[in-house]
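>>> need the 3D shape of this:
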Amino acid sequence: MSKEDELRDVLNEAVTSISSAQSNPRTWLAWVVYLLARLEEKATNENPAYKESFIDMLAALQDEIRNRQRTGGWH
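Residues are numbered from 1 along each chain as shown. Presented below is the predicted three-dimensional model:
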């Protein structure tokens, strides 16, 4: 199993745990924000130059969310 597959499995388990604990998707926002905050910490602690890259990733995420809202699907 590749690292990507292992990571998908870990994230799938997290999704299952969150949705089991809190079935209303509106409450998941706090967990999404928590995940983003931890990823930002990790990125900038490993290399402060990654701060700009993280901001770029957030902009790309905004684009993906807008596309999802317009098309109804994830790309």
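>>> next, count neighbours for residue 12.
Residues lying near residue 12 (other CB atoms under 10 Å) number 10. To be clear about C-beta, it is placed using only N, CA and C from the backbone, and glycine gets the same treatment.
>>> repeat that for residue 6.
10.
>>> for whichever strand or helix holds it, packing partners?
Assigned by DSSP states H and E, residue 6 belongs to helix 3-21. If you count contacts as 3 or more CB pairs under 8 Å, 6 or more residues apart in numbering; DSSP states H and E, helix 3-21 packs onto no helix or strand.
>>> make residue 1 into 15 and carry on from there
Happy to do that; since the first residue is 15 now, the last one works out to helix 17-35.
>>> can you name the next helix or strand after it?
Toward the C-terminus, helix 17-35 is succeeded by helix 43-60 as the next helix or strand (DSSP H and E).
>>> list the buried ones in that following helix?
45, 54, 57 (16 or more other CB atoms under 10 Å).
>>> if we can go back for a sec, the helix holding residue 20 vs helix 43-60, what angle?
Interaxial angle of helix 17-35 relative to helix 43-60 (axes from the mean of the first three to the mean of the last three CA atoms, to 10 degrees): 150 degrees.
>>> pull out the buried positions in helix 17-35.
Those would be residue 32, for helix 17-35 by 16+ other CB under 10 Å.
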